[in-house]
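>>> have a look at this prediction, sequence included:
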Amino acid sequence: MNSVSNTRRPAVLLLGGTSEAGAIASHLATHPDLKLISSLAGRVAHPKLPTGQTRIGGFGGVEGLITYLQQEKIQIVIDATHPFAANISRNAAAACQRLGIPLISYVRPPWTPQQGDHWQDVPDLEAAAALTRSYHRIFLAIGRQELAPFATCIHPWFLIRTIDQPDVPLPPNAKLILARGPFHLADELRLLKAHAIDCIISKNSGGPATYDKLEAARILGLPVIMVDRPTPPTNNVHTIEAVLSQISTELGRLITKY
């Protein structure tokens, strides 16, 4: 494949904020045949910035994203956002379809129950909140942005762990821990035992960074209320290698146009 001049390098927008997006950025930031721009939502106070050029903040819905793609002359979009970041994924799919821009959608594989697990799958956070009366001391590990459905749950006591301070009301009986993963099995076991946890509520985010709480639940025989992820709006791939392969294919198609 022949390289293109710097003035003609296709611009690639990487919608990130995940560890996998960081890995993709590391592969592509110095690629001779493209210009990479990583985008972070800006919802974490001190995010780990990926390699290369980065922008932080929202786009303003589908129309705002379309405007940005046109202004920056973006020719490929990679969606490697969190599996629960449904809004930006929908907006990216709609914007790319409107403009005829290739969209490569990476979706982290979900967790699946193993032998000895006691999971109850629920479709959303509201359904999870409705089950809390069956338990006394719940480890609520869903992040800070989606705590609102639990604010009126007055029966159980909650242990809540988030990266940053939540900006929504907490349940009346709750303890907040601020911490950033990855979390290790021994630490998760200590945490659950020290707080006498009898149930975990988790989103099915997938990935290794926060999985050890589920292994700890298996060891301790604890039930897990698992919130299903939203359905991604486009066809997707599940490995970084597949993302890079699709990038090569799209670059080849674009370069032959010059």
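That came in fine, so what should we check first?
>>> use CA for all of it now, contacts and neighbours both
Noted.
>>> what is the neighbour count of Ala92?
Neighbours of Ala92 under the rule other C-alpha atoms under 10 Å: 25.
>>> and it, how far is that from Phe59?
The gap separating Ala92 from Phe59 is 10 Å, by C-alpha to C-alpha, to the nearest Å.
>>> so for those two, which residues contact both of them?
Counting by C-alpha atoms under 8 Å, 6 or more residues apart in numbering, the residues touching both Ala92 and Phe59 are Leu65.
>>> can you list the weak-confidence ranges in the stretch 1-150 of the chain?
Low-confidence segments of the stretch 1-150 of the chain, defined by pLDDT under 70: 1-7, 45-46.
>>> show me where it has helices.
19-28, 61-71, 86-99, 125-130 (DSSP state H, counting those that start in this stretch).
>>> may I have the shortest one as CSV, with CA atoms only?
In this case it means helix 125-130. The C-alpha trace of helix 125-130 is given here as CSV (Å, rounded to 0.1, in the frame of the first residue of the first chain):
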residue,chain,number,x,y,z
LEU,A,125,-31.5,-0.1,36.2
GLU,A,126,-35.1,0.5,37.1
ALA,A,127,-35.7,-3.2,37.2
ALA,A,128,-32.6,-3.7,39.3
ALA,A,129,-33.8,-1.0,41.8
ALA,A,130,-37.2,-2.8,42.1
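>>> okay, Ala217 and Ala186: tell me how far apart.
Noted for Ala217: a distance of 12 Å to Ala186, by C-alpha to C-alpha.
>>> these two - which one has more neighbours?
More crowded of Ala217 and Ala186, by other C-alpha under 10 Å: Ala217, with 24 against 11.
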